[in-house]
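Q: 3D, please:
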Amino acid sequence: MKKNIFGRKLKRDKNERKALFKSLMSALIIYDKIETTEQKAKSVKGLIEKLVTKARKNEPQSRNAIASFLTPEATERLITTVAPRFATRPGGYTRLVRLGRRFNDNADMVIMEWVESASTSAPLQIAEPKEKKSRKDDVVESTVDTKVEKKKAVKKETTKKAVKVSRKKETK
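A: Got it, this is the predicted structure:
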């Protein structure tokens, strides 16, 4: 019977967990904050803090160690922009801000962000999602347009029928 095993499994096998952590850490480095579940954020927090400490040293060995945990873009950004922000800070680079519970599965949601502000550096420009239009507005506009068009079409048809009927009566 295995007891006192360190770390959370998050209902994933080893490779899935490793990929999840890599994507969460890379997203945090690139976008400066992420919204995720509290359990995932707590699992990643220790790893990301260790990576920032290694990045502050800026040695070739630490660069290789960081590269094994992150994407190439995130590795470069961590070393060039994020680590210099924390040059004088001894630790505690991230914070978790609680948002409440997610509606569909009632999971605790948090925003994970850097403690130091990102005003000193701009975020890396990587295919950010476009602005979302609410579907309700699109649906309302399309239904209004189709309703107006239908009314116009019905009026044209009724006037055409009325003209045809009146012509038939005149010819008789």
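Q: what about the protein, any weak spots by pLDDT?
A: Residues of the chain that meet the criterion pLDDT under 70 lie in 118-145, 147-148, 155, 158-172.
Q: Apply 80 and report the result again.
A: For the chain, the stretches with pLDDT under 80 are 1-7, 117-172.
Q: Can you show me the helices along it?
A: Using DSSP state H, the helices of the chain run over residues 14-31, 38-57, 60-67, 72-77, 83-85, 135-171.
Q: Packing partners of the second one?
A: In this case it means helix 38-57. Using 3 or more Cβ pairs under 8 Å, 6 or more residues apart in numbering; DSSP states H and E, the elements in contact with helix 38-57 are helix 14-31, helix 60-67, helix 83-85, strand 94-101, strand 108-114. Where C-beta positions appear, they are placed from N, C-alpha and C, glycine not excepted.
Q: Tell me what angle that helix forms with strand 94-101.
A: Note on geometry: by axes from the mean of the first three to the mean of the last three Cα atoms, to 10 degrees, helix 38-57 and strand 94-101 are set 160 degrees apart in direction.
Q: What count of nearby residues applies to residue 87?
A: For residue 87, the neighbour count with other Cβ atoms under 10 Å is 7.
Q: Around the closest residue to it other than its chain neighbours, count how many other residues there are.
A: Nearest residue to residue 87, sequence neighbours excluded (Cβ to Cβ, 6 or more residues apart in numbering): residue 56, at 6.4 Å. By the criterion of other Cβ under 10 Å, residue 56 has 20 neighbours.
Q: Nothing else from me, thank you.
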